[in-house]
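J.: how would this look folded up:
(one chain, ligands or ions: 1)
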Amino acid sequence: MLDVAEPRGIGKHFVAPEARRGAGDGARLDELAAALRLGAAEPGVVYLVGAGPGDPGLVTARAARLVATADVILHDLLVARELIALARPDAELYDVGKVGDGRHVAQEDTNDLLVRLAGEGRSVVRLKGGDPMVFGRGGEELGELLAAGVRAEVVAGVTSGTGALASAGIPGTHRGVAQAVAFVTGHGAGDTPDGDRDWKSLATFPGTLVFYMAVKALPDIARELVAHGRPADEPVAIIERGTTDRQRTTRGPLSEIAGIARRAKVRAPALVVVGPVAALADQLDWRGVRPLAGKAVVVTRAGDQAGTLAGRLRGLGAAVLELPAIEIVPTSAPLPDFAGCDLLTVTSPAAAGALWDALRAAGLDARALAAAGTLVAIGPGTADALSKHGIVADLIPKRAVSEGLIEALDELGVAPRRAIIVQAEGGRALLADELGRRGVEVTTAALHRTQSVPLTDEQLATLASADAVLFASGSAAKSVASSLTASGATDLRAALGSARPIAIGPTTATALRDLGLQPAAVSDPHTIDGLIDATVALLS
Ligand code: SAH
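T.: Now for the predicted structure:
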């Protein structure tokens with residue numbers, strides 16, 4: 001651990017080291033960095049980096065690269081968690097947004113810390129929501145750093161004034177409607193004596209006004225704008241938590257917006273958009289028309305695997321909650337002897353990963369599989385996982401279940417003599433049994449097992465308020481059930497609340513039924529695509 005005294009008032013990191021960097025993210029990020037020719041964070045340099053408005057997709061590639069390589073990261077609130085999770089496991093994280101009692105950390109403390117860390121030769125990323133130079137005090141920090149002779153770099157970010165507007169379907173400028181857009185701070189608008197704020201100029205500004213930090217002062221802002229000549233019926237839109245799962249837009253005319261916002265309990269962070277373009281939010285609501293808009297979906301896959309499923313569901317508009325109910329851990333089973341084997345079957349993406357890890361642990365690589373004869377991947381996901389290691393499956397049965405393999409072998413007229421099946425410990429014996437009946441000598445290599453991860457009462461409460469919960473394996477179903485039971489639930493169906501269970505395939509569906517849970521849908525094909533289609537069909 002690097003040795004830096006924690007300055008007073010600066011909070012500890014909130015993403016635990018073990019939660020940083022899902023397996024493989026580092027490697028993929030390195031590929032992206034190479035493709036875009038992005039350098040790593042350098043010692044003694046402070047990077048003032050915009051983190052975007054909340055959606056991790058709006059983080060710049062440069063920001064991701066710097067976060068992934070820096071020694072120290074200082075961040076405040078409003079920064080996407082997924083971005084901070086890219087940090088190196090040994091990186092030091094400081095939350096300088098707020099201290100325990102809710103007060104802000106003094107700017108001088110932050111500046112001193114930046115200068116000191118850089119002086120110690122550390123690479124330092126100072127992350128700020130949105131763009132660091134738009135109401136982010138980036139100018140002040142940069143000035144201090146340069147004055148202290150510290151090398152600094154500013155990495156622009158998507159400011160909420162453009163990010164949240166785009167997300168809400170509000171064009172800042174619009175042909176024939178608004179030819180200019182102004183970013184204005186609402187901070188202090190209520191306390192400033194009239195003469196200090198040029199309300200006349202603001203009210204008569206020929207274009208859209210976007211107020212940051214304006215929730216508290218909204219009654220004053222609205223009153224002053226109308227008093228100084230802005231039409232009372234001018235459309236206003238308030239965008240809360242723009243670009244995130246919890247984005248909400250509240251609309252109304254300027255003269256009434258303060259009351260509407262109060263009744264709707266509008267809270268920061270929010271932007272107040274004043275101008276005719278605000279009315280376009282009603283017809284350009286591209287988020288609201290997505291098939292899973294307004295739906296909350298829980299994904300119970302292991303953390304490493306949940307990424308793509310969650311990302312695709314989000315793209316369809318769902319608010320996705322990742323509750324990894326299982327994790328994959330290696331077993332101590334020995335690597336099987338591939339010599340003389342003429343059929344090697346890998347039954348899942350996790351099994352593919354475990355096979356690779358076991359090969360590497362034995363000092364071997366893909367060449368060891370050359371002895372193994374025909375290579376079968378159960379399911380396209382498994383084939384993808386193998387191909388990441390340069391291993392191409394000979395056969396992917398049409399049906400992504402064990403039965404599919406038997407059908408495929410029959411169709412091809414292949415009659416193996418000695419087969420190895422790589423599958424999870426405690427996995428189904430169906431395939432081994434069926435091959436055994438056909439006189440095949442079968443070795444089962446259980447190189448990994450899934451282990452339940454208990455869910456907290458808070459996670460279970462969130463789960464119960466979702467619209468659907470997706471199970472991609474029977475072990476995930478069992479794990480969620482045992483968490484529910486452990487929390488005192490006697491009736492599992494009631495404990496799931498509004499969350500309708502969706503199973504990836506018949507095996508998972510059976511596991512659910514065995515637990516007394518009737519799946520609301522079973523996907524077919526039994527793949528991630530199928531699971532997503534089933535979710536859309538059920539919820540939209
Ligand atoms: N540097 C930031 C702004 C920091 S000031 C940027 O460029 O966006 C903080 C204010 O930004 C909040 O009070 C709010 O008005 C606005 N803001 C930040 N993120 C937002 C979001 N996701 N949705 C709406 N407003 C946001």
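J.: what's the following helix or strand after the helix or strand that contains Ala494?
T.: Secondary structure from DSSP states H and E places Ala494 in helix 492-495. Following helix 492-495 in sequence order, the next helix or strand is strand 500-503 (DSSP H and E).
J.: what about the strands in the stretch 151-300 of the chain?
T.: Remark: strands assigned in the stretch 151-300 of the chain by DSSP state E, counting those that start in this stretch are 151-155, 181-185, 208-212, 235-240, 248-253, 270-274, 296-299.
J.: and Ala333, what does it touch?
T.: The neighbourhood of Ala333, defined by Cβ atoms under 8 Å, 6 or more residues apart in numbering, consists of Glu425, Ala445, Ala446, Leu447. Every residue, glycine included, has its C-beta placed from N, CA and C.
J.: out of the residues you listed, flag the one nearest to Thr308.
T.: Distance to Thr308 across the contacts of Ala333 (Cβ to Cβ) is lowest for Leu447, with 22.8 Å.
J.: now do the contacts for that closest one.
T.: So Leu447 contacts Pro330, Thr331, Ala333, Leu335, Ala351, Ala354, Leu355, Asp357, Ala358, Val422 (Cβ under 8 Å, 6+ apart).
J.: ok, 10 Å please
T.: 330-336, 346, 350-359, 361, 422-425 (Cβ atoms under 10 Å, 6 or more residues apart in numbering).
J.: ok, now Thr345?
T.: By Cβ under 10 Å, 6+ apart, the contact set of Thr345 is 351, 372, 374-378, 382, 393, 395, 397, 402, 405, 409, 416, 419-423, 431-432, 435, 442, 444-445.
J.: same check on Ser475?
T.: So Ser475 contacts 300, 302, 325-326, 328, 424, 426-427, 449-452, 508, 511 (Cβ under 10 Å, 6+ apart).
J.: what's the pLDDT at it?
T.: Ser475 carries a pLDDT value of 88.
J.: do Thr162 as well
T.: pLDDT at Thr162 comes out at 98.
J.: name the nearest residue to it, ignoring sequence neighbours.
T.: Distances taken as Cβ to Cβ, 6 or more residues apart in numbering place Gly172 nearest to Thr162, at 6.6 Å, with adjacent residues excluded.
J.: and the gap between the closest residue to Met133 other than its chain neighbours and the ligand?
T.: Sequence neighbours aside, Gly139 is the residue nearest to Met133 in space, at 6.1 Å (criterion: Cβ to Cβ, 6+ apart). As for Gly139, its distance to the ligand is 11 Å (criterion: Cβ to the nearest ligand atom, to the nearest Å).
J.: need the three-state assignment for Gly139.
T.: Using DSSP: H, G, I helix; E, B strand; the rest coil, the secondary structure recorded for Gly139 is helix.
J.: looking at it, it is touching Pro132, isn't it?
T.: Yes - counting by Cβ atoms under 10 Å, Gly139 touches Pro132, with 8.5 Å between them.
J.: quick one: which of those two has more around it?
T.: Pro132 (25 against 13; other Cβ atoms under 10 Å).
J.: let me see the contact set for the more buried one.
T.: 47-51, 126, 138-139, 141-142, 154-157, 159.
J.: sorry, back to before: and the contacts of Leu447 near the ligand, which?
T.: Applying Cβ under 6 Å from any ligand atom, the subset of these adjacent to the ligand is empty.
J.: pLDDT weak spots in the chain?
T.: Where the chain drops to pLDDT under 70, the residues are 1-27, 97-105, 191-195, 303-306, 400-402.
J.: not counting its neighbours along the chain, what's nearest the residue nearest to the spatial centre of it?
T.: Centroid-nearest residue in the chain: Glu82, 5.3 Å away (criterion: Cα atoms, centre = their mean). The spatially closest residue to Glu82, leaving aside those adjacent along the chain, is Pro56, at 3.9 Å (Cβ to Cβ, 6+ apart).
J.: cool, and Pro291?
T.: Ser540 (4.4 Å).
J.: and the one you found, how far is that from Thr527?
T.: Distance of Ser540 to Thr527, computed by Cβ to Cβ, to the nearest Å: 20 Å.
J.: higher neighbour count, these two?
T.: Thr527 (17 against 13).
J.: so what's that one up against?
T.: Gly379, Pro380, Gly381, Ala400, Ala472, Ile504, Gly505, Asp533.
J.: make a PyMOL selection of whichever of the residues you listed turn out to be buried.
T.: In PyMOL, this line selects whichever of the contacts of Thr527 come out buried by 16 or more other Cβ atoms under 10 Å:
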select buried, resi 379+380+381+400+472+504+505
